[in-house]
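Participant: Quick one: sequence plus predicted model below, questions after.
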Amino acid sequence: MTSTAAQASKSGAPQAHPEHLGHVIFIAAAAAMGGFLFGYDSSVINGAVEAIRDRYDIGSAALAQVIAIALVGCAIGAATAGRIADRIGRIRCMQISAVLFTISAVGSALPFSLYDLAFWRVIGGFAIGMASVIGPAYIAEVAPAAYRGRLGAFQQAAIVIGIALSQLVNWGLLNAAGGDQRGQLLGVEAWQVMLGVMVVPAVLYGLLSFAIPESPRFLISAGRDARAREVLREVEGDKIDLDARVAEIEQAMKSEHKSVFKDLLGGNFFFKPIVWIGIGLSVFQQFVGINVAFYYSSTLWQSVGVDPTDSFFYSFTTSIINIVGTVIAMIFVDRIGRRPLALIGSVGMVVGLALEAWAFSFDLVDGKLPTTQGWVALVAAHVFVLFFALSWGVVVWVFLGEMFPNRIRAAALGVAASAQWIANWAITASFPSLADWNLSMTYVIYTVFAALSIPFVLKFVTETKGKTLEEMG
């Protein structure tokens, strides 16, 4: 018997295709609906940026705070979701998130002032933060080890589909309003309808949460072993040794305790090294400037002379490229591994961002970039998004769901996700002012971070492909 087979026998994990793989795919897809809302809610604001600026007569700095304030809620939601999930379960967390998404959508569509619009965005941000933690954690706990990478990639796939659909809906609504973000639709302004449409997927997410089982690890921790066995049979097939799998999970849980923040502390630099690696992955994912492409792309293209309707269309095509890259990642994440994909993506992002920086360094002619530089900027933006999507967009979420030891996973994932939202906030809040200062140098900064991600991965990040969660320490 080979060592791999021996390990499989010892753990009771099946090496063949589970009989109920279709059911597992449905469960992962339903859980990833939170990722869809994450993408939709975070990106839909792209269609409302200029309308909010005009309606409330605010400058770039104030506008950036309204756009970015949702990320404060994201950080709080991400930091608390792990503890909440350990107390009341993963499914209940999903249901709370769905309710918050719905409330945020209604409030954002019908604001009385700029201040309550900001408040509703914080509520939506809290829901996004919860979804960003619960989705990958739940999928990692339910998915068979052989398929965990691909199923874990559902989270990012759902995010990018949510981003793309939000841009398509925005584009359609803008055309319906005659190309005016403040044009009248359904008795309100077009941008309000854009924000309100999110009610539909939010309600669907809530309904789907009632159709999927609780995580077997949570069930065992809650003393519901019989139900845990049923779920394990559902997701890993009828041929597994249920006694061995339950014993393996129980043994792992006996050697741990409920993760709390102080469990993450250690070493000479406050956190344990593995936690810093998770934080580093999260920060690099955001500091390359990816969310500028999804929060501000319409404004960015308009600032270099692109027609508003065309700018919305380019935002949509960028989102389609994002989906294509994510599909590529889903195909290869379990074949060539997480680290190689991250390195390939970093190199591609450096090229795309550097070309954008070069194109934006030219002066506008009649309010537009010169033709050559305009096309280079457009193509480079798509190249950047493609390489991000086929690498860091997916592998960071897969890494964060897998890399931490069981005893600190929930708390460490919460801290890493919070760091991601804080980094996201820093980029989102700073971009309008940086762009006003020097758009080309802004992209040089993003290029530098993309380049620095290469030595970071080579030196600090360990491959997790093919390992069970119980093997992570």
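Facilitator: Done, it's in.

Participant: With adjacent residues omitted, what lies nearest to residue 373?
Facilitator: residue 359 (4.2 Å; C-beta to C-beta, 6 or more residues apart in numbering). No exception for glycine: its C-beta is placed from N, CA and C like everyone else's.

Participant: Roughly how far does the one you found sit from residue 300?
Facilitator: 12 Å (C-beta to C-beta, to the nearest Å).

Participant: What ranges does the stretch 301-450 of the chain have for its helices?
Facilitator: 308-332, 338-360, 371-389, 392-402, 409-460 (DSSP state H, counting those that start in this stretch).

Participant: Serialize those to a markdown table and add fields for mean neighbour count.
Facilitator: Listed next are the helices of the stretch 301-450 of the chain as a markdown table, based on neighbours: other C-beta atoms under 10 Å:
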| stretch | mean neighbour count |
| --- | --- |
| helix 308-332 | 20 |
| helix 338-360 | 22 |
| helix 371-389 | 20 |
| helix 392-402 | 26 |
| helix 409-460 | 20 |
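
Participant: Using CSV, please lay out those together with mean pLDDT.
Facilitator: Shown next, in CSV, are the helices of the stretch 301-450 of the chain (pLDDT from 0 to 100):
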stretch, mean pLDDT
helix 308-332, 86
helix 338-360, 95
helix 371-389, 92
helix 392-402, 85
helix 409-460, 89
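
Participant: Which one, of the ones you listed, ends up nearest to residue 281?
Facilitator: When the helices of the stretch 301-450 of the chain are compared by C-beta to C-beta, helix 392-402 sits nearest residue 281, at 5.0 Å.

Participant: Could you figure out how far that closest one is turned away from helix 409-460?
Facilitator: Angle between the axes of helix 392-402 and helix 409-460 is 120 degrees (criterion: axes from the mean of the first three to the mean of the last three C-alpha atoms, to 10 degrees).

Participant: any idea of the angle helix 392-402 forms with helix 371-389?
Facilitator: Put simply, helix 392-402 runs at 20 degrees to helix 371-389, going by the same axes, to 10 degrees.

Participant: CA atoms only: put helix 392-402 into CSV for me.
Facilitator: In CSV, the C-alpha atoms belonging to helix 392-402 read as follows (Å, rounded to 0.1, in the frame of the first residue of the first chain):
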residue,chain,number,x,y,z
TRP,A,392,-4.8,35.7,-6.4
GLY,A,393,-8.5,36.2,-6.8
VAL,A,394,-9.0,32.4,-6.2
VAL,A,395,-5.9,31.1,-4.4
VAL,A,396,-6.0,33.6,-1.5
TRP,A,397,-9.5,32.4,-0.6
VAL,A,398,-8.5,28.7,-1.0
PHE,A,399,-5.3,29.3,1.1
LEU,A,400,-7.3,31.1,3.9
GLY,A,401,-9.7,28.2,4.1
GLU,A,402,-7.0,25.6,4.3
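
Participant: Quick one: distance of it to the chain centre.
Facilitator: Centroid displacement of helix 392-402 relative to its chain, using C-alpha atoms, centre = their mean, to the nearest Å, is 9 Å.

Participant: and residue 178, how many neighbours?
Facilitator: 11 (other C-beta atoms under 10 Å).

Participant: can you check residue 337 too?
Facilitator: Residue 337: 16 surrounding residues under other C-beta under 10 Å.

Participant: Enumerate every residue touching it.
Facilitator: 463, 465 (C-beta atoms under 8 Å, 6 or more residues apart in numbering).
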